[in-house]
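A.B. asks: no sequence on hand, only this structure:
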């Protein structure tokens, strides 16, 4: 069972938004976009500072819309959300100890989307390190350890997590040595997630039930973006060209973007004054789409307009 209820009103609006997007961006193929949208109708049970028990939260129905939400897509830096939650689980359970370096790496991984910081986080999660290729025996052990994050998400029993793969570091130029061998000859062991899986993970954080309410709030603090006074010297502020780029300045957004030469993605929880809060995950694929700073803000603005008219 997917975690939200499909709904005729949102189906009609969602399909209309997609049609408008394809009309505005004719190079965007039908199979180059995936989207999951969850609306929080009153009474709103998210971003409450963790006021609910997990059972009360998961039992509360929410409605949503999805297009290609079960398709496995390379997530780029959006995968860092999975590592953020996993590290908090490890810390909560005493499987890892916090340190200044880990705190610095978590902040840089989420706030600045640093790949170098992510490398340390994955090392800490798995007890493995990058380096030269390994002999077969040690490499089998290394691979087993590296898959610990996958095993954690499988253990949650969420249908959305059954098909994902979240075991690889994120790179600037790509993997070398044992990391390249682990990715597979044809990169067939790359990270792969779905927009529904990302939506459920973000839903749990915003709901205050990811690991614990205190840890969910700490994760929310890292995900908070500003829509004002954005740095102009960088394209990588995770707002410009992403979902935050389609919002009015009075909106609030918590998000994690991802982009490469082949993909441009964003996952966000959004609050607009006097409107229902909502969660939106949009993935786009293809070289043209990856370069475009217009598609994600366009979709975001249409969704915000739809929310105002619900």
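C.D. replies: Nice, I can see it. What you are looking at is a predicted structure, and each value in this text was computed from that prediction instead of being measured.
A.B. asks: could you find the closest non-adjacent residue to the residue nearest the centre of the chain?
C.D. replies: By Cα atoms, centre = their mean, the chain has its centre lying nearest to residue 78, at 4.1 Å. Of all residues not flanking residue 78 in the chain, residue 258 sits nearest, at 3.9 Å (Cβ to Cβ, 6 or more residues apart in numbering). Using the backbone N, CA and C atoms, a C-beta is placed for each residue, glycine as well.
A.B. asks: how about residue 164?
C.D. replies: residue 193 (4.6 Å).
A.B. asks: so the one you found makes contact with residue 166?
C.D. replies: Yes - applying Cβ atoms under 8 Å as the test, residue 193 and residue 166 come out as touching, 6.7 Å apart.
A.B. asks: touching whatever helix or strand the residue nearest to residue 78 lives in from outside, list them.
C.D. replies: Per DSSP states H and E, residue 258 falls inside strand 252-259. The contact list for strand 252-259 (Cβ atoms under 8 Å, 6 or more residues apart in numbering) reads 75-81, 110, 113, 206, 220, 223-225, 227, 238-239, 242-244, 247, 264-272, 290.
A.B. asks: quick one on the thing from earlier: between residue 193 and residue 166, which has more neighbouring residues?
C.D. replies: residue 193 (29 against 23; other Cβ atoms under 10 Å).
A.B. asks: quick check, pLDDT for that one.
C.D. replies: Per-residue confidence (pLDDT) for residue 193: 98.
A.B. asks: and the gap between it and residue 37?
C.D. replies: 17 Å (Cβ to Cβ, to the nearest Å).
A.B. asks: pLDDT score assigned to residue 291?
C.D. replies: At residue 291, pLDDT is 94.
A.B. asks: and it, what does it touch?
C.D. replies: So residue 291 contacts residue 264 (Cβ under 8 Å, 6+ apart).
A.B. asks: so how far is residue 263 from it?
C.D. replies: From residue 291 across to residue 263, the span is 11 Å (Cβ to Cβ).
A.B. asks: what do you get for residue 278?
C.D. replies: 23 Å.
A.B. asks: next one: the residue nearest to residue 164 from residue 48, what distance?
C.D. replies: For residue 193, the distance to residue 48 - Cβ to Cβ - is 27 Å.
A.B. asks: how many neighbours does the closest residue to residue 270 other than its chain neighbours have?
C.D. replies: With sequence-adjacent residues excluded and distances taken as Cβ to Cβ, 6+ apart, residue 270 is closest to residue 253, at 5.2 Å. Residue 253 has 23 neighbours, counted by other Cβ under 10 Å.
A.B. asks: likewise the one 5 residues further on?
C.D. replies: In terms of burial, residue 258 registers 25 neighbours under the definition other Cβ under 10 Å.
A.B. asks: next one: residue 42
C.D. replies: Residue 42, neighbours per other Cβ under 10 Å, totals 7.
A.B. asks: what's the helix or strand for it?
C.D. replies: Using DSSP H and E, no helix or strand contains residue 42.
A.B. asks: angles on the backbone of it, please.
C.D. replies: phi -70, psi 150 (degrees, to the nearest 10).
A.B. asks: that one reaches residue 277, doesn't it?
C.D. replies: No - Residue 42 is beyond contact range of residue 277, at 10.0 Å (criterion: Cβ under 8 Å).
A.B. asks: any idea how far the residue nearest to residue 164 lies from residue 34?
C.D. replies: Applying Cβ to Cβ to residue 193 and residue 34 gives a distance of 10 Å.
A.B. asks: what residues are shared contacts of these two?
C.D. replies: Counting by Cβ under 8 Å, 6+ apart, the residues touching both residue 193 and residue 34 are residue 73.
A.B. asks: over to residue 26. Which of the three states is it?
C.D. replies: Following DSSP: H, G, I helix; E, B strand; the rest coil, residue 26 is assigned to coil.
A.B. asks: could you measure from the spatially closest residue to residue 50 that is not a sequence neighbour over to residue 220?
C.D. replies: Residue nearest to residue 50 in three dimensions, not counting chain neighbours: residue 213, with 2.2 Å by Cβ to Cβ, 6+ apart. Distance, residue 213 to residue 220, by Cβ to Cβ: 10 Å.
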